[in-house]
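Student: quick one: sequence and predicted model below, then my questions.
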Amino acid sequence: MQWSLFLLILMGHYSFFTCHLYEYHFIEEKKTWDEARSYCREKYTDLATVYDMTDMKRLNDPGETPTEAWIGLYSETGKEERKWHRSLPGVDFNINKIKWKQGKPDDNNHKYCVMLKSSSHELDTECCTRELEFVCFNENSSKIFYWISDRKKTWPQAQSYCREHHTDLVSGDQLDDIKLKEEIKSKNKLWIGLFRDTWRWSDGSDFSFRHWDQDLFNVGHKDGECAFLKRSGKWDSDKCTNTKPFFCYEDKVILIKQNKTWDDALDYCRENHHDLVSITNLHQQRWVQQRAKKASSLFVWLGLRYTCTLGLWFWVSDVLVCYDNWAPKQETDRCYHAASMEAKGKYKWFKKADNDVFDFICARGL
């Protein structure tokens, strides 16, 4: 019998736990985008933020999606600069550390997508509608990188292909991987998963996920409009003053900007919310780390603690420890240690003495 399961049996019960740290709510009443945002902020958390394809499947639940419904993505003419994003969300990167072709990037000629010149391994901007070969990566495959040479596609078409058949377009630190360089050796210009646009999420999240209708896609266009979900499951944009049904989301986690010991943080969460947060998969990890970014401390406490009695780590919510994100070269497990997540960088977990003081993240009434 696994020790984690044994511990739960000793506790005598399994706590109720949901696999989602936020819930979507469809509001059928038609409102302008601003009116919809005000409604969502009053009743829930905000207009719907969409992190990845998992969220898209939830929004596209059969029978739930109307012809058109607002989501929390908007762009204001002249008020927002174009921001760089990775196609795959959840990983921060420094645009200044990228090896650009001399004189790039610039903001001319509406070139908002990025291609890799494999001969020099330099990056250059290009119009997203140009058709090129491209490179996908697959996080569930031993091969990892896949150069798609038998078909040329626009950037959004390449992105859709990679998401359907693999994980996403290659980008970020992957560009320095030796295996990638071997895969694309002697090739010419290839799409990678880097783009820029003026779109922003209503709740301030910097999620890079976009799911525009390919026939309408043109990164950076339609400034001054708001995004909506079509029945097809793709996105389009419209004047924010038009009225539509909309999706709100209700956040089930909250960052508490108070430096407390792990035990005091646990008591606070249980008295005021539900519990210290548990993370059971990568999707949850990436959602929680978005909240951690705004912490006032270098780390935030999670609901994971080491028990000397059984010699194992356990979540206080009674969830089995089937996923972890420990930083490498961690010290040996010790009594009176709990898990914290770094509030910047790669958001790895660190084993800290439970009398250290950090901000912390609570789970709300799951």
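Tutor: Received it, and whenever you're ready, just let me know what you need.

Student: which residues does residue 132 contact?
Tutor: 115, 126, 152, 153, 155, 158, 189, 190, 191 (C-beta atoms under 8 Å, 6 or more residues apart in numbering). Any C-beta I mention is one placed from the backbone N, CA and C, and that applies to glycine too.

Student: I'd like these as a markdown table, with pLDDT, secondary structure and neighbour count appended.
Tutor: Shown next, in a markdown table, are the contacts of residue 132 (pLDDT from 0 to 100; DSSP: H, G, I helix; E, B strand; the rest coil; neighbours: other C-beta atoms under 10 Å):
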| residue | pLDDT | secondary structure | neighbour count |
| --- | --- | --- | --- |
| 115 | 91 | strand | 23 |
| 126 | 88 | strand | 17 |
| 152 | 92 | strand | 14 |
| 153 | 93 | strand | 19 |
| 155 | 91 | helix | 29 |
| 158 | 92 | helix | 27 |
| 189 | 88 | strand | 15 |
| 190 | 92 | strand | 20 |
| 191 | 94 | strand | 32 |
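
Student: which intervals of this protein have sub-threshold pLDDT?
Tutor: For the chain, the stretches flagged by pLDDT under 70 are 1-19, 62-66, 77-80, 89-98, 102-109, 186, 214-224, 366.

Student: can you list the domains in it?
Tutor: Per automatic domain parsing, the domain ranges recorded for the chain read 3-18+252-363, 24-74+223-250, 83-197.

Student: of those domains, which is nearest residue 203?
Tutor: domain 24-74+223-250 (4.0 Å; C-beta to C-beta).

Student: the closest one: end-to-end distance?
Tutor: This stretch, domain 24-74+223-250, spans 6 Å end to end (C-alpha to C-alpha, to the nearest Å).

Student: ok so, going back, would you format the contacts of residue 132 as CSV with distance to residue 267 included?
Tutor: Formatted as CSV, the contacts of residue 132 follow (distance: C-beta to C-beta, whole Å):
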residue, distance to residue 267
115, 53
126, 55
152, 59
153, 54
155, 50
158, 50
189, 57
190, 53
191, 51
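
Student: wait, what's in contact with residue 151?
Tutor: 133, 161.

Student: and it, which of the three is it?
Tutor: strand (DSSP: H, G, I helix; E, B strand; the rest coil).

Student: the residue lying farthest from the centre of the chain sits in which helix or strand?
Tutor: Distance from the centre of the chain peaks at residue 309, with 36.3 Å (C-alpha atoms, centre = their mean). For residue 309, there is no host helix or strand (DSSP states H and E).

Student: ok, and the closest non-adjacent residue to residue 237?
Tutor: Distance criterion C-beta to C-beta, 6 or more residues apart in numbering; nearest residue to residue 237, sequence neighbours excluded, is residue 225 at 4.1 Å.

Student: beta partners for that neighbour?
Tutor: Under DSSP bridges, the beta-bridge partners of residue 225 are residue 239.

Student: looking at it, it is touching residue 73, isn't it?
Tutor: No: using C-beta atoms under 8 Å, residue 225 is not in contact with residue 73; the gap is 9.6 Å.

Student: hmm, back to that, could you export the domains of the chain as a markdown table, including distance to residue 207?
Tutor: Below are these laid out as a markdown table (distance: least, C-beta to C-beta, whole Å):
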| stretch | distance to residue 207 |
| --- | --- |
| domain 3-18+252-363 | 7 |
| domain 24-74+223-250 | 5 |
| domain 83-197 | 5 |
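
Student: contact partners for residue 292?
Tutor: Residue 292 neighbours (C-beta under 8 Å, 6+ apart): 255, 300, 341, 342, 343, 347, 361.

Student: that one and residue 261, how far apart?
Tutor: Residue 292 sits 18 Å away from residue 261, going by C-beta to C-beta, to the nearest Å.

Student: over to residue 38?
Tutor: 39 Å.

Student: have a look at these two and say which one is more surrounded.
Tutor: residue 261 (17 against 13; other C-beta atoms under 10 Å).

Student: what sits closest to that one if chain neighbours are left out?
Tutor: Nearest one to residue 261, counting by C-beta to C-beta, 6+ apart, is residue 355 at 5.1 Å.

Student: can you report phi and psi for that neighbour?
Tutor: phi -100, psi 0 (degrees, to the nearest 10).

Student: pull the number of nearby residues for it.
Tutor: 11.

Student: could I get the contacting residues of it?
Tutor: So residue 355 contacts 261, 262, 336 (C-beta under 8 Å, 6+ apart).

Student: between the residues you listed, which is closest to residue 278?
Tutor: Ranked by distance to residue 278 (C-beta to C-beta), these are led by residue 262 at 14.1 Å.

Student: thought the closest one was touching residue 316?
Tutor: No: using C-beta under 8 Å, residue 262 is not in contact with residue 316; the gap is 9.8 Å.
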